[in-house]
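Enquirer: My questions are about this predicted structure, shown below with the sequence.
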Amino acid sequence: MSSPEIAACTHPLRTSVADFIAGLRELERDLITKDRIAAYMGATTLRPEALHDYTWWRDSFYTRNLIYRDDLFEVMTICWSPGQKTAIHTHNGQLGWMTVSQGEVLTHEYHHTHCNAPENQNVVNIDCLGGATELEIDKVRTINCAEGTGMVTVDKLQTIHQIENAGTTGCISLHVYSKPFDSCIAFDLEKQRCYRRQLSYFSKDGHRLER
Ligand SMILES: [Fe+2]
């Protein structure tokens, strides 16, 4: 049973992107916590048709498609062709929520155990300067998230993961982050290094940015 507050923001027939964003903005009036936004996302289903303007595919890499951004929230779809996946990366304690509107994606969760540049993590506003040349990142578990079922979150305790489409069809996932950020540290376990990756959008407000 959802809370009266969440129920006020959701309705089975109100499943457009505009309604979803309006509900999120209502929730901004109080504290943004993992549970509040998870309850809202769990109660709101956005069908692939509703996400049509934010669905873009590319053979070479998954696409990040911005739907909405303000000081507290960033909302996007990510479209995954078969076999596409992220690097292992950290969200630096950022809160994040993901549901799947089409297909099925795997999330591999990791814990940072050791690196040889821990002093680089003590930086204001960003997670780390990177630059480690020895890394120990251990896989904790893999979560399967499919259309209409399951939700993956990140928070201060579980902040490192990798997402992949291991299936044979295209997947569309819906992501909310608080607060937005524009770069993150990625981990290359084979080369034993971590590095900062700039994040970009493939499309914004339904318009393609890249050629
Ligand atoms: Fe992520």
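Expert: On my side now, so go ahead.
Enquirer: Name the residues linked to the residue nearest to the spatial centre of the chain by a beta bridge.
Expert: Centroid check for the chain by C-alpha atoms, centre = their mean gives His175 as the closest residue, at 4.5 Å. Per DSSP bridges, the residues bridged to His175 are Met76, Met98.
Enquirer: ok, now how distant is it from Lys85?
Expert: Going from His175 to Lys85 by C-beta to C-beta, to the nearest Å gives 15 Å. For every residue, glycine as well, the C-beta is placed using N, CA and C.
Enquirer: can you pull the contacts of the residue nearest to the centre of the chain?
Expert: Residues in contact with His175 (C-beta atoms under 8 Å, 6 or more residues apart in numbering) are Glu74, Val75, Met76, Thr77, Ile78, Gly96, Trp97, Met98.
Enquirer: got those residues as JSON lines, with pLDDT, neighbour count and distance to Gly131 columns?
Expert: Shown next, in JSON lines, are the contacts of His175 (pLDDT from 0 to 100; neighbours: other C-beta atoms under 10 Å; distance: C-beta to C-beta, whole Å):
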{"residue": "Glu74", "pLDDT": "98", "neighbour count": "23", "distance to Gly131": "27"}
{"residue": "Val75", "pLDDT": "98", "neighbour count": "22", "distance to Gly131": "32"}
{"residue": "Met76", "pLDDT": "98", "neighbour count": "22", "distance to Gly131": "28"}
{"residue": "Thr77", "pLDDT": "98", "neighbour count": "25", "distance to Gly131": "32"}
{"residue": "Ile78", "pLDDT": "98", "neighbour count": "23", "distance to Gly131": "28"}
{"residue": "Gly96", "pLDDT": "97", "neighbour count": "18", "distance to Gly131": "25"}
{"residue": "Trp97", "pLDDT": "98", "neighbour count": "21", "distance to Gly131": "30"}
{"residue": "Met98", "pLDDT": "97", "neighbour count": "22", "distance to Gly131": "29"}
